[in-house]
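Visitor: the following comprises the amino acid sequence and a computationally predicted model.
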Amino acid sequence: MSARALIALVAGSVLVGCGSISATSNGPIAPPSSVSATSSGRVGDSAAPACVTASFGSPGSAADQEKVDAVADAVRGLAEHQKVDGFSGLRVDSGALTVTVMWVGPVPPELAQVAGADHQVRVVFHSAEFTSAQMSAAQDRAMSAKPDSADPAAAGLVVASAQGCDDGSGIRVAVARRDTGGPAAVIPDSFVTTIRALAGNVPVLVKPGDMPVPLSAVSG
C-alpha cells in the first residue's frame, strides 16, 4: 500500500457516533434541543463519560463529498452487514477528504483494506470504549427509565432523549419535565441512579434537556 493510502492509527475522539432516541409518540420529530456534551453532566460526577463533542471542518466540493461518502459507506457496510465487531461510529470531512472511524479494539485487516481502497481519501481510526450496538442498546434501556415514586423531587420527570457520545465513551441522556416539555431544573440522584442502572456497563452523562418537538408542530 502506498504512503497516500496509509491508514493512520492515532488516539483521539472526534466523530459522530450512533444516533439519538427521543421520547415522542407523535410520528417523525425534529432534533431535540442541544444537550451539551462538552461540560460535565453533574458537579463532581466521576461516573459520567467524557462524551467529547465532534468537530467539523469546512465542507468540500460535491465531488469530494461523494468520495468521502463512498468510503464511509464501504466502512459502515463492512462493519454492519458483514458483522465485523468493533464499529462505534464515524464522521466525514469532505473539505479535508478524511473519514474518521471510531473503533473498539484492534482494526481487522479486511477493514483496513476497505479503508485504504481510495488513495484520495484519508481514513483515520480513533479508539473508542463502546461499540455502536452497545451504545444503542443502552439508549433503549435508558429511555425506559421511570422516576422513583417515593422521591417527590423526581415527580414529573421523564427521559426526553438518549444519544451515543461522539467519542464512543458512553451515552448522554436528557431529562425534561413532562408537564412543560422543558429541561428539568433539578435531576435527583434517585433518577440518575435508575437511568444508569438500566444502561448497565455503559456510562451515562445525565443532563437537563427539552422534549423533542414533533415535525408537525414545526411545519405548522
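Guide: Everything's here; your move.
Visitor: who does the residue nearest the centre of the chain form a beta bridge with?
Guide: In the chain, the residue lying closest to the centroid (C-alpha atoms, centre = their mean) is residue 164, at 2.7 Å. Counting by DSSP bridges, residue 164 is bridged to residue 171.
Visitor: from what I see, it and residue 137 are in contact.
Guide: No: using C-beta atoms under 8 Å as the test, residue 164 is too far from residue 137 to be in contact (10.4 Å). For every residue, glycine as well, the C-beta is placed using N, CA and C.
Visitor: identify the contacts common to these two.
Guide: When contacts are counted by C-beta atoms under 8 Å, 6 or more residues apart in numbering, the set common to residue 164 and residue 137 is empty.
Visitor: list the contacts of residue 97.
Guide: When contacts are counted by C-beta under 8 Å, 6+ apart, residue 97 touches 60, 64, 67, 68, 120, 121, 122.
Visitor: distance to residue 98, secondary structure and neighbour count for the residues you listed - can I get that in JSON lines?
Guide: Output for those, formatted as JSON lines (distance: C-beta to C-beta, whole Å; DSSP: H, G, I helix; E, B strand; the rest coil; neighbours: other C-beta atoms under 10 Å):
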{"residue": "60", "distance to residue 98": "10", "secondary structure": "coil", "neighbour count": "18"}
{"residue": "64", "distance to residue 98": "10", "secondary structure": "helix", "neighbour count": "18"}
{"residue": "67", "distance to residue 98": "10", "secondary structure": "helix", "neighbour count": "19"}
{"residue": "68", "distance to residue 98": "7", "secondary structure": "helix", "neighbour count": "25"}
{"residue": "120", "distance to residue 98": "11", "secondary structure": "coil", "neighbour count": "11"}
{"residue": "121", "distance to residue 98": "7", "secondary structure": "coil", "neighbour count": "24"}
{"residue": "122", "distance to residue 98": "5", "secondary structure": "strand", "neighbour count": "21"}
